[in-house]
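Need the 3D shape of this:
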Amino acid sequence: MNYLVTGAAGFIGAAIVERLIKEGNTCTTIDNLSTGSKEHVPHGCRFIEGSVADVNIIKSLESEKFDAIIHIAGQSSGEISFDDPVYDLQTNTQSTVMLLKLAQKMGCKKFIYASSMSVYGDHQPPECKEETDKVPKSFYAVGKLASENYMRIFSEYGIACTALRFFNVYGPGQNLSNLRQGMASIFLAMAIKDHHIHVKGSKDRFRDFVYIDDVVDAVLRSLNREDGFDVFNVCTGVATTVENVVKSICDALPYDVTVEYKDGTPGDQFGIYGNNEKIIKALDWKVTRDFSQGMKDMIDWALTQEF
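The predicted structure follows:
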C-alpha cells in the first residue's frame, strides 16, 4: 500500500510511518519542520518539506495515487494557538479541507485524522464518551472539531473518514526541546536538564495518558474502515494527576529534582479522561501499556538523549 502521512518529522507521524514501512508499505510525508526534525523522518519515507496548507504542494500531488491519507501534521498546542489563531486555523483546519479535496480528486477512499481530546473541554463527571458535549476551550480545539465536521461531510462523497481523538500521547521519541507541547515530555525535559520542574497550574489537574505504540495501533486499525464517518477516543480510561506525573519522574531519576507550582496556561483543561469502549469494540483495539510502565520506558529513553 502507498500512504500519504503528514507530519512524519514529528513524534506521532514518525512512529506511524516507521510502522507502515516496517510492514512493507511505501510512504510520503509533508512537514514544515516547525516542531519536528528532518532526521526523525523514518528511512525510506519520501519527504516533502513545506506546509500542509500550501496550495502548490497539494496541487503537485494530484496526479499521484494514495491508498489512504493520514493527517497528523499541524500546530498541536492549545497554549500556542492563542499566540496566532490564524496560523493554527491554517495548519489544522484549512489543511484538512485541502487534503480532503485532494483525496476526492485523486480517488483516495480513506482519510484518517489526528483529532484531540481537547474538543471536549472540561466536564463533570469527567469521563468523556464520543457523544459527550463538545465545549472547546482553545482555538486549537475549535479547529480540531471543525475538521471533524468537514470530514463528516466529505464522507458523503465516498471517502471513509475516521477522526481519532488522541488523549495525552507520550513515550520515547517525544520532542524534549519543545516546552509548550506534551505534558509528560515538558516535565521530563525540565527535570533532566535543570533538575527543576515548573508546573503551570494545579497539581490536582489530571490527564488520560496513552502510550505512543497504542496510538500507532489505533491509526493502523482505522485503515480497515471501508465507508462513512466515525470518531473514536484513543485513550486508556484512566485519570493520572499532574502530581503523580511529577512524582513518577522525580522518583525515577538518579538525582534530586525540585518542583514549583505556579500560574497556568490559557485554554488549559482541568481534567477529563476518555471512555474507550467504542474503539475496543469497533476496531478490536486495546491498551497494551499502563502509565507506570510507559513512563519508565520514556524516562529510560530520555536519559540517553542530548537536547
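
could you measure Glu226 against Lys109, distance?
Here Glu226 is placed at a distance of 8 Å from Lys109 (Cβ to Cβ, to the nearest Å). Just so you know, the C-beta spots here come from the backbone N, C-alpha and C atoms, and that holds for glycine as well.

Same drill for the two, tell me which one is more crowded.
Lys109 (17 against 8; other Cβ atoms under 10 Å).

Buried residues in whichever strand or helix holds Thr28, which are they?
For Thr28, the host element (DSSP states H and E) is strand 26-31. Buried residues in strand 26-31, counted by 16 or more other Cβ atoms under 10 Å: 27-31.

circling back: between Glu226 and Lys109, what contacts are shared?
Ala160 (Cβ atoms under 8 Å, 6 or more residues apart in numbering).

And the lowest-mean-pLDDT helix or strand in the chain, what's buried?
Every helix and strand of the chain was ranked by mean pLDDT, DSSP states H and E. The lowest is helix 78-81, at a mean of 76. Buried residues in helix 78-81, defined by neighbour count with 16+ other Cβ under 10 Å: 78-81.

got it, and stretch 131-140?
132, 134, 136-140.

Name the surrounding residues that touch it.
75-82, 85, 88-89, 92, 116, 118-123, 142, 144-145, 266-269.

measure it end to end?
One end of stretch 131-140 to the other measures 20 Å (Cα to Cα, to the nearest Å).

before we move on, back to that, most widely separated two among the buried residues of stretch 131-140?
Across the buried residues of stretch 131-140, no pair lies farther apart than Thr132 and Phe139, at 20.5 Å, counting by Cβ to Cβ.

so what strands line up beside the strand holding Thr28?
Here strand 26-31 is paired, per DSSP bridges, with strand 2-6 (parallel), strand 46-49 (parallel).

List of residues touching it?
1-10, 13, 17, 20-21, 38, 41-42, 44-52, 57, 61, 64, 66, 73.

Narrow those to those that are buried.
Among these, the ones that count as buried by 16+ other Cβ under 10 Å are 3-10, 13, 17, 20-21, 41-42, 45, 48, 51-52, 57, 61, 66, 73.

and Gln305, how many neighbours?
12.

So which of the contacts of stretch 131-140 belong to helices?
Cross-referencing the contacts of stretch 131-140 against helices under DSSP state H gives 78-81, 85, 88-89, 142, 144-145.

doesn't Gln174 make contact with Gly182?
Yes: using Cβ atoms under 8 Å, Gly182 is in contact with Gln174, at 5.5 Å.

The two: which is more packed in?
Set Gly182 next to Gln174 and count neighbours by other Cβ under 10 Å: Gln174 wins out with 23 against 20.

Can you tell me the element the closest residue to that one other than its chain neighbours falls in?
Of all residues not flanking Gln174 in the chain, Ser185 sits nearest, at 4.1 Å (Cβ to Cβ, 6 or more residues apart in numbering). According to DSSP H and E, Ser185 maps onto helix 183-194.

what's the answer for Leu99, then?
Using DSSP H and E, Leu99 sits within helix 95-106.

Check the offset of that helix from the chain's centre.
20 Å (Cα atoms, centre = their mean, to the nearest Å).

confidence score at the residue nearest to Tyr261 when sequence neighbours are not counted?
In this structure, Tyr261 finds its nearest non-sequential neighbour in Val199, 4.8 Å apart by Cβ to Cβ, 6+ apart. If you check Val199, the pLDDT there is 94.

same question, the one 5 residues further on
The predicted local distance difference test score for Asp204 is 94.

What is the burial count for Tyr255?
8.

er, Gly107 I mean
Gly107 has 10 nearby residues by other Cβ under 10 Å.
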